[in-house]
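A.B. asks: Got a predicted structure plus its sequence, pasted below:
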Amino acid sequence: MKEQSDTLVKLIHDAAGQVGPLDGIDGEAMARLAIRHERTRRGVIGGAVAFALVALGTAGTIWFVERPALPALLPWFSNSGETRSDGLVFEVPDGYEEFSPTGDPMWGLDLVIPDELDMESRPSAESWVAVDPVDGVPLVGRQVGNPVVDADVPGAVAAKYSWYVADGAGEPMAGNLTADADDFVGELDVELTDGTVVRVTMKLHDDATPQATFERLVGSVRIDEEYEGPEAWPMIPQEDLPLLEAGEVPASWRQAEFHGLEYAVPGDWWTGLSAELVGETQILKRPDGKVELRMELTDHLMYLNNAQMAAEFAELGEEPGDYYRFDLAGSDVAQVRIERFDGEYQAYIEVRRAGGRGYMVNFFGRPGAGDLDDDLAALLGSLGLTAASKDGAIAYDDLDPADPLLRDAPSDWEQVTFEGLEMSLPQELESDEGTWGIWNSDSADSWEDLSISLWDLEAYEQPFDLDETGYRYEPPGTERGVVTVGTSTETGEPTFLGHATFWLTADGRKSFEVRYEGSGATEERWWQILESLDAADLNVS
């Protein structure tokens, strides 16, 4: 690796003042530097999609340039043209207009806005700027061997940038836009005072001086002193919702079960399927067709996160409907939202077995259906969870314990701390500044990579599943965890892969993952790393 680094330094020196790809780059060695993770907060360029660009061959097309003096005149806005986003203030080139292919604003040149009837297309631009927070996502330019340059961003804790050139495979980028061959992509990471890292990405197509254009953008960036952080909606925990009393189930109602969820409906209600043909969705209707019950299995509860919807309705001066909780034994979610308008009656019921399946139960009445409050109360009273509702949840206690496989870490390993998580790692595993939660070691013959992902999931999100075939293990500070040992072929050759998911809370929504892999990684080291884990002081919020 030392010899290869010396070669790179010489190449950079020889390339001063040049723009373009250089001969002598070991593309295969560069490809090994590509990070093999897909973690991003909002999915804009700089995350998993950027890694895809590298993996698809960017390593063979690398720019090394001496930083040029900026042209005296560039067609840029100034002062009144300042743009604000995610805690940053910056300028964009003249002619760039704001557009939004995915809901997050971008700024682009020569926008193409599809016709409102064209549902398959999104707004696009050949050259654009995007701004988004990133979490643990290294600069792609660094991954392909390009220099990383420290930048002076007023008010920032730190800032650095790099760049790369796309290989033209039509790779997806921000907002599902694509990059053509030889498109220049520059990335600037800015660390805010609260620790958030915001990435500014510029993609340039057919720009005569892309390096100068990008560095002009970098030079315009500063911290927005008026920024108060991302907009936060007031949360409404389920326990704070009013209790809706369930009613008695009439004797004439028919009892049935839907994938572990017991329910009852009037005996004359019909369904197009026999009781033995219960699919992922079940629909039952009153004989006149004016009342319908629809049940679905779900991995994502749509209405549990009601705070944002309620706040949006409040901004419009409208009532969002009534939210209630109800009692259901064995559940960690039991909630209903009721809406009445234009003679219609709609009740959205959500149920989740603690550690098991989630269900959406929608109860709809059309105009003329009559008062359905008593029917809804009886339906809620009929709900129950059977053993089948646990399907998909592992029998944790039946897993083999990992303790007999753990090994003490060697005394010369380095003690490291990440967000309060303590562990010991081999000295050759290093974490470069800016690569939060990632340690790696590369040489000409082998590589190792270890990464930590922290998760603080909202109440409406399902917790991460624990693997059903691993070893159970609870290092200090964890409620439960599962460790697996296997092989990965993502890089084209079999390499060791260790993965572990640990729950910090009983519901699993505060958790962390550890991934260890590489041609130089070994199972023995994996167990040594795991034995050293201490999450007692880990903070994922």
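C.D. replies: Ah, there it is.

A.B. asks: can we go C-alpha only for contacts and neighbour counts from here?
C.D. replies: Will do.

A.B. asks: Contact partners for L188?
C.D. replies: Shown in contact with L188 (Cα atoms under 8 Å, 6 or more residues apart in numbering): A159, K160, Y161, S162, R199, V200, T201, V218.

A.B. asks: any idea how far T484 lies from T505?
C.D. replies: 20 Å (Cα to Cα, to the nearest Å).

A.B. asks: who has more neighbours, those two?
C.D. replies: Using other Cα atoms under 10 Å, the more surrounded residue of T484 and T505 is T484, with 17 against 13.

A.B. asks: can you dump the C-alpha coordinates of the strand or helix carrying the more buried one into PDB?
C.D. replies: Element membership for T484 (DSSP states H and E) is strand 480-488. Extracted C-alpha coordinates of strand 480-488, given in PDB (Å, rounded to 0.1, in the frame of the first residue of the first chain):
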ATOM      1  CA  ARG A 480     -31.200  -8.700  22.900                       C
ATOM      2  CA  GLY A 481     -29.100  -9.300  19.800                       C
ATOM      3  CA  VAL A 482     -28.400 -11.800  17.100                       C
ATOM      4  CA  VAL A 483     -25.000 -12.500  15.500                       C
ATOM      5  CA  THR A 484     -24.500 -14.200  12.200                       C
ATOM      6  CA  VAL A 485     -21.400 -15.600  10.400                       C
ATOM      7  CA  GLY A 486     -21.300 -16.000   6.700                       C
ATOM      8  CA  THR A 487     -19.800 -15.300   3.300                       C
ATOM      9  CA  SER A 488     -20.300 -12.300   1.000                       C
END
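
A.B. asks: and that strand, what does it pack onto?
C.D. replies: strand 471-472, strand 495-503 (3 or more Cα pairs under 8 Å, 6 or more residues apart in numbering; DSSP states H and E).

A.B. asks: Paired strands for that strand, with orientation please.
C.D. replies: Strand 480-488 sits in its sheet next to strand 471-472 (antiparallel), strand 495-503 (antiparallel), going by DSSP bridges.

A.B. asks: Specify the stretch among these that is closest to Q143.
C.D. replies: Evaluated with Cα to Cα, those place strand 495-503 nearest to Q143, the distance being 19.7 Å.

A.B. asks: between whatever helix or strand comes next after that closest one and strand 480-488, how big is the angle?
C.D. replies: Counting by DSSP H and E, the next helix or strand C-terminal to strand 495-503 is strand 510-518. Calculated by axes from the mean of the first three to the mean of the last three Cα atoms, to 10 degrees, strand 510-518 forms an angle of 20 degrees with strand 480-488.

A.B. asks: relative to strand 480-488, how tilted is the next helix or strand after strand 510-518?
C.D. replies: Once the chain leaves strand 510-518, the next helix or strand it forms, by DSSP H and E, is helix 523-531. Going by the same axes, to 10 degrees, helix 523-531 is angled at 160 degrees with respect to strand 480-488.

A.B. asks: Against which helices or strands is helix 523-531 packed?
C.D. replies: strand 421-425, strand 495-503.

A.B. asks: quick revisit: indicate which one of the helices and strands packed on strand 480-488 is closest to V185.
C.D. replies: Once the helices and strands packed on strand 480-488 are compared by Cα to Cα, strand 495-503 is nearest, at 30.8 Å.

A.B. asks: How about residues contacting that closest one?
C.D. replies: Contacts for strand 495-503 (Cα under 8 Å, 6+ apart): 464, 466, 474, 478-489, 509-523, 526.

A.B. asks: are any of those residues buried, and which?
C.D. replies: Buried members of the contacts of strand 495-503, scored by 16 or more other Cα atoms under 10 Å, are 464, 466, 474, 478-485, 509-519, 521-523, 526.

A.B. asks: that older thread, as TSV, the helices and strands packed on helix 523-531 with mean pLDDT and mean neighbour count would be great.
C.D. replies: Listed next are the helices and strands packed on helix 523-531 as TSV, based on pLDDT from 0 to 100; neighbours: other Cα atoms under 10 Å:
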stretch	mean pLDDT	mean neighbour count
strand 421-425	94	20
strand 495-503	93	22
